[in-house]
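[1] Could you look at this predicted model? Sequence included:
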Amino acid sequence: GCADGHPTAVLRGLVSSLHRVHAKLEAALALGASGAQIRTDGPDALQRAAGLALLNACVVATRSAHNRAWLIRLGLLDALTALLKLAMHRLNVLGNLAAMRHPGGRGGSSMGTAAEVAAQLGVLELLCAHGTAVLSNFLDADLRFGSIAGGFGMSDDAGRVDASCVAPVQPPGSTAAPPRPSPAAESPAVKPLLECGGLTALVEMIRIQRLLHRAPTGSEAAARSLEGLLLKTLCAALAGSAAAQHSLRGAGGLEMLIEGIGVDATGTRDAGEVTERDLNGGDTAGVDRTRESLELGALALDAVRRAVRRNEQNVKRAIDAGAFGPRLVAMLRRAAVASAASLVLDGGAEGDWAGDVVEEGDVEGFFAVGARDVQTRPPGEELRRAFDVLWAFIAGEPGVGGGDGPTMGGGGIGSR
């Protein structure tokens, strides 16, 4: 976007065009009274009706703070949320029908062929991805994270840390206490986002993405990627906002987030047991799915952390929902296995440990190699990310609260 923003007439045109896209998409989806009919006029017509080029223009325009302020006043968040809800309605239907589909057949009289379903899913997932990117821009999701931002890939520059969250270096010999950086304030977009139901839409979209990457839809990878973007955007909405925390609890979002902790790559709850597939590394696709599932679990855990910060009601709800029980243990165990596996597999690939061949099913030998090399080859990213979030649960973010150093200060669980 332009540094100084765009003319108001251009911004008003974006909002009015979004309203027209909503009407065209509704017609293209041919939603009946029950919403069970999934017929369309074809993928090309659906793609034209989805307004992907317009949504991409909105992504560009909302990079400007000037534009974002005006677009909030012009009602873009309301129009965008309504469009996302329409797309979510169809995605939910497709996901449920795909879960009931017999391999190679149809799921019912209203279910199209696998190719027809895949075409619809592709367009609607792109629509949701563009819409979420717009919401992310409004919430400054790539700018509003502190010390653990890089660990979760929450910005294009993974190593960047928000300057407001880093205490300045004191001159040598200085006895003055370093000034405390201020905690992140609530984004100005949170209030209008809550008023138009945008946060509830984010929660529902995450639920639907989990349904899609567990059903045989052919869009599992896209669903996992979009879930990650949605979780990061939700984290940005929760940062420093008690209103967003309460809204999340009211929408059942806390329980939804907790369900994403300790879930393995197949989308089922994991008992945290080490299997022969884990020991042998599995195929490349399986390893990638495991890393993706751990990344999503860590993002869900971080969203829980932000949801319970300085909020006693949410803390109690999270504890009752099992946020810190078997699901967390399962995620940590899988992260530990993935980290140890990276030591063994990467070492073998480089040839430095060519003699360290771990026999199939040799649990002790597997961990012995990882434990021996941990000093020279640090554990994998998966375990580090999980403990980054756990550390922030206890210590809070830098400069948050009144405690000195890494203790249960104002930024810890349930602090006031």
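    Structure's in. What do you need?

[2] and stretch 258-277, what's its mean pLDDT?
    Per-region confidence: stretch 258-277 scores 59 on mean pLDDT.

[3] likewise stretch 230-247?
    Mean pLDDT, stretch 230-247: 93.

[4] helix or strand right after the one helix or strand in the chain whose mean pLDDT sits lowest?
    In the chain, no helix or strand scores lower on mean pLDDT, DSSP states H and E than helix 276-280, which sits at a mean of 51. Next in sequence after helix 276-280, counting helices and strands by DSSP states H and E, comes helix 284-308.

[5] Which strands or helices does that following helix pack on?
    Helix 284-308 sits against helix 220-238, helix 242-250, helix 253-259, helix 312-320, helix 326-350, helix 381-395, with contacts defined as 3 or more Cβ pairs under 8 Å, 6 or more residues apart in numbering; DSSP states H and E. Placement of C-beta: from N, CA and C, glycine included.

[6] Between helix 284-308 and the first one, find me the angle.
    Looking back up the chat, that one is helix 220-238. For helix 220-238 against helix 284-308, the angle by axes from the mean of the first three to the mean of the last three Cα atoms, to 10 degrees is 20 degrees.

[7] averaging pLDDT over each of the helices and strands packed on helix 284-308, which comes out lowest?
    Minimum mean pLDDT among the helices and strands packed on helix 284-308: helix 326-350, a mean of 72.

[8] Pull the residues that contact the stretch of helix or strand Pro192 belongs to.
    Using DSSP H and E, Pro192 sits within helix 190-195. Helix 190-195 is contacted from outside by 72, 77, 81, 135, 138-139, 198-199, 237, 241, 243-244, 247, using Cβ atoms under 8 Å, 6 or more residues apart in numbering.

[9] Let me know which of the helices and strands packed on helix 284-308 is tucked in deepest.
    Mean neighbour count (mean count of other Cβ atoms under 10 Å) peaks for helix 220-238 among the helices and strands packed on helix 284-308, with a mean of 23.

[10] So which other helices or strands are in contact with that one?
    If you count contacts as 3+ Cβ pairs under 8 Å, 6+ apart, helix 220-238 packs onto helix 114-138, helix 198-212, helix 242-250, helix 284-308.

[11] Quick one: mean pLDDT for stretch 119-127?
    Within the predicted structure, the mean pLDDT of stretch 119-127 is 88.

[12] circling back to that earlier point, tabulate the helices and strands packed on helix 284-308 (TSV), appending distance to His213.
    What follows is these, written out as TSV (distance: least, Cβ to Cβ, whole Å):
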stretch	distance to His213
helix 220-238	4
helix 242-250	22
helix 253-259	13
helix 312-320	24
helix 326-350	17
helix 381-395	18
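
[13] shaky segments in the chain?
    By pLDDT under 70, the low-scoring segments of the chain are 1-3, 31-43, 100-113, 141-185, 263-288, 342-380, 397-416.

[14] So which of the contacts of helix 190-195 is the closest to Leu226?
    Taking Cβ to Cβ as the measure, Leu226 lies nearest Leu135 of the contacts of helix 190-195, at 12.4 Å.

[15] didn't that closest one look like it was pressed against Leu202?
    Yes. Using Cβ atoms under 8 Å, Leu135 is in contact with Leu202, at 7.3 Å.

[16] Out of the helices and strands packed on helix 284-308, the one nearest Ala45 is which?
    Taking Cβ to Cβ, helix 220-238 is the member of those nearest to Ala45, at 20.9 Å.

[17] Next, the angle from that closest one to helix 198-212.
    Going by the same axes, to 10 degrees, helix 220-238 makes 160 degrees with helix 198-212.

[18] Pull helix 220-238 out as PDB, backbone CA atoms only.
    Below are the C-alpha coordinates for helix 220-238, written out as PDB (Å, rounded to 0.1, in the frame of the first residue of the first chain):
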ATOM      1  CA  GLU A 220      -5.400 -31.100   3.800                       C
ATOM      2  CA  ALA A 221      -2.100 -29.200   3.300                       C
ATOM      3  CA  ALA A 222      -3.900 -26.000   2.400                       C
ATOM      4  CA  ALA A 223      -6.100 -26.400   5.500                       C
ATOM      5  CA  ARG A 224      -3.100 -26.800   7.800                       C
ATOM      6  CA  SER A 225      -1.500 -23.800   6.300                       C
ATOM      7  CA  LEU A 226      -4.600 -21.700   6.700                       C
ATOM      8  CA  GLU A 227      -5.100 -22.900  10.200                       C
ATOM      9  CA  GLY A 228      -1.600 -21.600  11.100                       C
ATOM     10  CA  LEU A 229      -2.400 -18.100   9.600                       C
ATOM     11  CA  LEU A 230      -5.700 -18.100  11.500                       C
ATOM     12  CA  LEU A 231      -4.100 -19.000  14.800                       C
ATOM     13  CA  LYS A 232      -1.500 -16.200  14.400                       C
ATOM     14  CA  THR A 233      -4.200 -13.700  13.600                       C
ATOM     15  CA  LEU A 234      -6.200 -14.800  16.700                       C
ATOM     16  CA  CYS A 235      -3.100 -14.400  18.800                       C
ATOM     17  CA  ALA A 236      -2.800 -10.800  17.500                       C
ATOM     18  CA  ALA A 237      -6.400 -10.100  18.400                       C
ATOM     19  CA  LEU A 238      -5.900 -11.500  22.000                       C
END
